[in-house]
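In: Kindly generate the corresponding structure for this input.
(4 chains, ligands or ions: 4)
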Amino acid sequence: MTTSRAGADLPDLYRAMRRIRMIEEAVAVRYAEQEMRCPVHLSIGQEAVAVGVCAGMRPDDQLVSTHRCHAHYLAKNGDLKAMLAEIYGKAAGCCGGRGGSMHLTDSTAGVLLSLPIVASSIPIAVGAALAIRQEGRDAVAATFMGDGSIEEGVFHESMNFAALMRLPVLFILENNLYSCYTGLKDRQPRRPFVDLARGYGMPAEAADGNDVEAVREAARRAIARARAGDGPTLLVFDTYRWREHCGPNYDNDIGYRTEAEFLDWKERCPVEQAHRRLVAAGRHDEAAEAAMTAAIQAEINEAFAFAKTAPFPSPETARSHVYG
Amino acid sequence: MTTSRAGADLPDLYRAMRRIRMIEEAVAVRYAEQEMRCPVHLSIGQEAVAVGVCAGMRPDDQLVSTHRCHAHYLAKNGDLKAMLAEIYGKAAGCCGGRGGSMHLTDSTAGVLLSLPIVASSIPIAVGAALAIRQEGRDAVAATFMGDGSIEEGVFHESMNFAALMRLPVLFILENNLYSCYTGLKDRQPRRPFVDLARGYGMPAEAADGNDVEAVREAARRAIARARAGDGPTLLVFDTYRWREHCGPNYDNDIGYRTEAEFLDWKERCPVEQAHRRLVAAGRHDEAAEAAMTAAIQAEINEAFAFAKTAPFPSPETARSHVYG
Amino acid sequence: MAEARILNVAEALREATDVAMEHDPRIFVMGEGVSDPKAIFGTTAGLAERYGAARVMEMPIAENGFTGVAIGAAIMGRRPLIVHQRVDFALLSLEQLFNNAAKTCYVTGGHHTVPLVVRMIVGRGWGQGPAHSQSLEPLFAMIPGLKVVMPTTAREAKGQLIAALEDPNPVIMIEHRWVHYATGHVPAGRYTVPLDGPRRVREGGDVTIVATSYMLLEALRAAETLEKAGISADVIDMAVLRPFAPEPIVDSVRRTGRLLFIDTGFRQFGIGAEVVATVVEQAFGSLVTPPVRLGLPEHPTPSSRALLTDFYPTALSIIDAAAALTGIEPARIAAPRAALAAELAKLPVDVPHPTFRGPF
Amino acid sequence: MAEARILNVAEALREATDVAMEHDPRIFVMGEGVSDPKAIFGTTAGLAERYGAARVMEMPIAENGFTGVAIGAAIMGRRPLIVHQRVDFALLSLEQLFNNAAKTCYVTGGHHTVPLVVRMIVGRGWGQGPAHSQSLEPLFAMIPGLKVVMPTTAREAKGQLIAALEDPNPVIMIEHRWVHYATGHVPAGRYTVPLDGPRRVREGGDVTIVATSYMLLEALRAAETLEKAGISADVIDMAVLRPFAPEPIVDSVRRTGRLLFIDTGFRQFGIGAEVVATVVEQAFGSLVTPPVRLGLPEHPTPSSRALLTDFYPTALSIIDAAAALTGIEPARIAAPRAALAAELAKLPVDVPHPTFRGPF
Ligand SMILES: Cc1ncc(C[n+]2csc(CCOP(=O)(O)OP(=O)(O)O)c2C)c(N)n1
Ligand SMILES: Cc1ncc(C[n+]2csc(CCOP(=O)(O)OP(=O)(O)O)c2C)c(N)n1
Ligand SMILES: [Mg+2]
Ligand SMILES: [Mg+2]
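Out: Numbering: from 1, shown residues only, chains lettered A, B, ... in the order given. Ligands and ions are numbered 1, 2, ... in the order given. The predicted structure follows:
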């Protein structure tokens, strides 16, 4: 089995992040057309966590995500057309229009499920890891978790279970400081997140969630442990959501966080950081950037054209597939 | 406000433990009469945790317990007659016969509730602490938790909440190594229990759960912190259940634990340890023991006589009090 | 008479909470987002500013845990009000609600009570999909010890919430998100609407139409059109599901001989099942035709609006069912029905109000 | 013909699991106590020894978490069987069951399935009280995407569990603890009883009696006594609550004109409500008298046996209801009823079997 991007070098990671950024921005712009009639939780600002983790994952590794799943799905090579068609409510969507943006799934890419109930996805990933163990394979399962989701009891139950059984799971805490409009200090006591793992005797590692290479390295170590049968790891990455919790807009004006905080994090943009690093190393230039973004833009335009013109599912089909 | 047994000296603690032991053994013996027709989860072997913790608690401090609540209820001065009458299903029971042995409650004594669903009681104690805070009192709330109950997600949610709000709660982990017939190693990874508190930045302390003075001292420190507004503590006490999980018998023969393990723990009997210590210190002798146990036995006999002759609730009352 | 104070249901619920909190310092609000800028669709707006963080408490995402905390505090004599943005999230807290909230008064023979109110909102529309739009009221309605209320109009919503906050028992208030937009006259200050059962909202003699929550608004629209065809409907707001007091419904059916029930949730195993079964038990002889139920079909709520065309009952499907029940000739209803259909066709199917711009 | 193999339901369930596990290596068992010496009332006895700890997995007390784990594994193609010692414990896992188990097949348009079986046991007796004796089947019956089965007899229990373990959908099996004691002939080896609806277990023409789970055993006892008074009952085992297939019941009522439903759980908002409402919709003209429901009254289960005298329906209350329904003179039923009452009076009310010595 070959790894999809295990050797993923910075140019690949940068391209993957830029692509996600451009897709998400296109969603944001076109949302105003009122044709994507479902909630969207954009990942803009958080691309490095998704891309860095997925760099070491293979298609047969399973990813389980949350309501904020776009970047995870795309980083794991989920099909773009199927994602956009899903958001547009079309039959060609990855759920045939049944799930909307919070249920992205792509079996070929190893995106097992995304689930909109906070933390509900965490034990699903542990179950995927159990299945992998039962099948005797060396694949891993990964669950992306917001800083809010670790407040749910099922996070704790899942950590305990995975540690007890030494299952091949990555618990990826993607800390963007907020649960909707509520900051961490109103929801959790102060302590290092990695200390959460101690209650389960589980290894943990924290890294800069806006530095895609740092993320990749931490994830690579965790993945190696998991594949070797050494059990789960908690990975902690701090990052920042640029736009509103749900929807296409900026919302720093509504008062739950400061513009200064936002600008501070924007300064540390994961995509621009990688870009600067590549340019500084002489591995990228304006021409390459132009060619790359043009190619991505063409892909995006084609995917939107596909999603917008694709047919809706027919109403009679609404009753099918309740049972398998 | 005076403290009930804050200055409780070893003779008091010993007497309290001996009394609980004798009551529980009387329940075990009389269970065969088939008149106590409800499940009983005896505390024999675990008396030191209950007595040591409650030594520092006042009547206005609130205790919330589990299915294994007899010792906690009695240590907190819950009414013996009302407890036995409840187990016999009588109208004079602390719940009028509605709850049985897993629902012991005594408002006067500050036994807020006991609840038979594992871990369900934990947030109730946190809520009691919140109420205390809102009322501006310096009382505390304590929740006794089996080693199984910390596997439930609601334990984690309660720890997070109490730590966040710095509420006056004692989380008392009474580790008797088993959840029913399943040992710890089949349910939790190996790590010190006190590490569970680190995920919440909460202080924790472990002490010998069969040494009533060690328990008292650890609890006293935690209670002082809570009363002073310094928030919750996790207390960890290892101890051992002598008899079967539910019911009056010994069950080392059924194969889930060894007779050797049992004998090892029996050797460290909390009641006998305290007894030996008192005798060694010249503070107790055979005569005193005889007088004490005779008095306790008289109390027990009277309570059983009361419970057995007390009237049953009348069937028509079964429909009352669904609403308050 | 005072000038009409027109509020929508969301504003009425906010006002109810404010009035009750001012009156009773034991009341406090707990929930995810209760003090954030969105303030649970505005229903808790301004309360944190007015009463402070100690009485309007932002919560971690831990529904089971903080429900237990609320119950513990309630048993101690405090009066918590929990708010969930969706019914779906309350699923995590059912053990606490069904066991500790619902049974503590009973188990302790009335010694303890649990004065807790839990508001939860039924989502609908804008593609929010299967796990954010469940109307699960039968779960709660079947549990003795709980009271369950579904407000519909602004005046009642305010009075019901104040009544709930003054009640010594756990009260589950299930609000349909689209009901939040319904406006009406709301008296100022404190008043209560008792939590004692269904109530008639429109009088008629030909057919009894009973509905829960948002479906009442559809039913009322249907009743107007039916009136134009000469069918007069007795319309009853189910209002309080538990304790279930069937008398107003049974009395109505004794007069009309016909019953149509519209559920906000599933038709099968829904609230309508109990209502029909009870009416049949108590007024069998009065029924001239079998009762009919409408409600959601037997599948989860898909996200795409294209799949929702026939999902929710509407004024039109209610009209059709009532027409069939009363046996009038289709010709008689055709014109007013067509007029309503034309009006409705102009509205998008997936938003509560023409001004809505999504997402929820 | 082979000699009758007489097993009780607990043994039949154990055998079903064994047969299915031997046949399909993807099946594994998860639960608190599945491999301990008590082995869930014997229903998993010997399986850990035979299949090892990797296929009979002891669980931490974390119902929500391990249910999610099971669902994740099931989506990946494994076949988990979860066992809860009480229905009450499953309350903690409803978010996983209602959202992820029930909806994943639908949401993914059939791409994923969730072949999961969850067994849960209804407690009764020996004073176990309000939180260990809930019969909450309507919670599950109302959720599309789940299948819900309540076994009653040994032969069917085995075949239903094997069918459940071979089904690609999540199946909730709700077992009444007292049903575990019921014995009957059980064929050896693999066979299935389809999960497709109610089934008639006794033929008669005067009244249709439908019951769930343990109440079917009471109903059968009642039917015998009724027979002695010349009333012949068509007795139907509700068996499968979802998908709800009312045809056998409706057909029966078309013949008898009378329906008596007995719920193991609450009467109000119980399974009987849907059955009565459906029968009224589909066979109104055949009903000669309003259907009657029996079930638990509107309060939690108290612990003391003294408070349980009138709590559970019994063969006697079923006889009385059937007699009233069919309008026979009390005198006609008096003698056989008295004989049965005398027999029952000898048995304790709080244990399933005279040999039972408590606690559960
Ligand atoms: C059980 C549950 N409670 C509440 C919600 C509503 N909700 C949706 S997203 C969200 C915040 C999640 O925060 P976090 O986990 O940090 O993820 P982020 O949105 O920051 O990516 C909440 C509370 C939900 N979906 N599920
Ligand atoms: C939620 C839930 N799951 C399962 C049970 C069944 N049960 C009752 S006691 C018990 C073991 C509890 O173990 P522990 O917490 O260590 O307490 P101990 O019995 O050892 O005192 C279990 C699993 C329950 N009552 N509640
Ligand atoms: Mg976040
Ligand atoms: Mg234990």
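In: Low-confidence stretches in the stretch 1-150 of chain C?
Out: Applying pLDDT under 70 to the stretch 1-150 of chain C picks out residues C:1-2.
In: Quick check: residues of it near chain A?
Out: C:32-33, C:36-38, C:58-65, C:88-89, C:92, C:126-132 (Cβ under 8 Å from any Cβ of the partner chain). (Glycine included, C-beta is placed from N, CA and C.)
In: Which strand or helix spans the nearest residue to C:Tyr51 once chain neighbours are set aside?
Out: Closest residue to C:Tyr51 apart from its sequence neighbours, by Cβ to Cβ, 6 or more residues apart in numbering or on different chains: C:Met21 at 5.7 Å. Per DSSP states H and E, C:Met21 falls inside helix C:9-23.
In: buried ones in that helix?
Out: For helix C:9-23, a neighbour-count test (16 or more other Cβ atoms under 10 Å in any protein chain shown) marks C:9-21 as buried.
In: can you tell me the distance between the two ends of stretch A:169-184?
Out: 25 Å (Cα to Cα, to the nearest Å).
In: That stretch near chain C at all?
Out: Yes: interface with chain C: stretch A:169-184 contributes A:Ser179, A:Cys180, A:Tyr181, A:Thr182 (Cβ under 8 Å from any Cβ).
In: In those, which residue is surrounded by the most others?
Out: A:Ser179 (25 neighbours; other Cβ atoms under 10 Å in any protein chain shown).
In: ok, the spatially closest residue to that one that is not a sequence neighbour - how many residues close by?
Out: Among residues not flanking A:Ser179 along the chain, A:Gly148 sits closest, at 3.2 Å (Cβ to Cβ, 6+ apart). Look at A:Gly148: counted by other Cβ under 10 Å, it has 23 neighbours.
In: same thing with C:Ala335?
Out: 12.
In: now swap in the one 4 residues further on and tell me
Out: By the other Cβ under 10 Å criterion, the neighbourhood of C:Ala339 contains 12 residues.
In: Could you do C:His111 as well?
Out: C:His111, neighbours per other Cβ under 10 Å, totals 17.
In: What does C:Val171 show for phi and psi?
Out: phi -120, psi 130 (degrees, to the nearest 10).
In: List the beta-bridge partners for it.
Out: Counting by DSSP bridges, C:Val171 forms beta bridges with C:Val117, C:Lys147.
In: Tell me if I'm right that the residue nearest to A:Ser179 and C:Ile61 touch.
Out: Yes: assessed by Cβ atoms under 8 Å, A:Gly148 is found in contact with C:Ile61 at 4.6 Å.
In: Find the residues that touch each one of these two.
Out: Shared contacts of A:Gly148 and C:Ile61, defined by Cβ atoms under 8 Å, 6 or more residues apart in numbering or on different chains, are found at A:Val118, A:Ser179, A:Arg187.
In: Strands - which of the residues you listed land there?
Out: Judged by DSSP state E, strands contain the following of the shared contacts of A:Gly148 and C:Ile61: A:Ser179.
In: which one among the shared contacts of A:Gly148 and C:Ile61 gets closest to D:Thr264?
Out: The shortest approach to D:Thr264 among the shared contacts of A:Gly148 and C:Ile61 belongs to A:Val118, at 34.6 Å (Cβ to Cβ).
In: what's the spacing between that closest one and ligand 1?
Out: 4 Å (Cβ to the nearest ligand atom, to the nearest Å).
In: mind listing what that residue touches?
Out: A:Thr66, A:His67, A:Gly146, A:Gly148, A:Ser149, A:Glu152, C:Ile61.
In: what pLDDT does the fifth one get?
Out: To tie it back to what came earlier, the one meant is A:Ser149. pLDDT recorded at A:Ser149 is 98.
In: tally of neighbours for it?
Out: 23.
In: Point out the residues in the stretch 151-300 of chain A that sit beside ligand 3.
Out: A:Asn176, A:Tyr178 (Cβ under 5 Å from the ion).
In: Which helix or strand contains the residue of the stretch 1-150 of chain A found nearest chain D?
Out: When scored by Cβ to the nearest Cβ, the stretch 1-150 of chain A has A:Gly127 as its residue closest to chain D, at 2.1 Å. Using DSSP H and E, the element containing A:Gly127 is helix A:121-135.
In: Just checking that helix against chain B, any contact.
Out: No: Helix A:121-135 stays clear of chain B (Cβ under 8 Å from any Cβ), getting no nearer than 10.0 Å.
In: Show me what counts as buried in that helix.
Out: Those would be A:121-134, for helix A:121-135 by 16+ other Cβ under 10 Å.
In: tally of neighbours for residue 222?
Out: Let's take chain A. 28.
In: I was after chain C.
Out: That count, for C:Ala222 with other Cβ under 10 Å as the rule, works out to 31.
In: Quick check: it vs C:Glu175, distance?
Out: C:Ala222 is 22 Å from C:Glu175, where distance means Cβ to Cβ, to the nearest Å.
In: Equivalent analysis for A:Leu115, please.
Out: Taking Cβ to Cβ, one finds A:Leu115 at 24 Å from C:Glu175.
In: Nearest spatial neighbour of C:Ala222, chain-adjacent residues omitted?
Out: C:Ile318 (3.8 Å).
In: Which residues are in contact with the residue nearest to A:Ser179?
Out: A:Val118, A:Tyr178, A:Ser179, A:Cys180, A:Arg187, C:Pro60, C:Ile61.
In: Recalculate using a threshold of 7 Å.
Out: Contacts for A:Gly148 (Cβ atoms under 7 Å, 6 or more residues apart in numbering or on different chains) come out as A:Val118, A:Ser179, C:Ile61.
In: can you check C:Ala239 too?
Out: By Cβ under 7 Å, 6+ apart, the neighbours of C:Ala239 are C:Val149, C:Met150, C:Gly197, C:Pro198, C:Arg199.
In: Closest residue of the stretch 51-200 of chain A to chain B?
Out: A:Gly153 (1.7 Å).
In: distance of the residue in the stretch 1-150 of chain C that ligand 1 sits nearest to from C:Leu136?
Out: For the stretch 1-150 of chain C, the residue closest to ligand 1 is C:Phe89, as judged by Cβ to the nearest ligand atom, at 4.0 Å. Distance of C:Phe89 to C:Leu136, computed by Cβ to Cβ: 11 Å.
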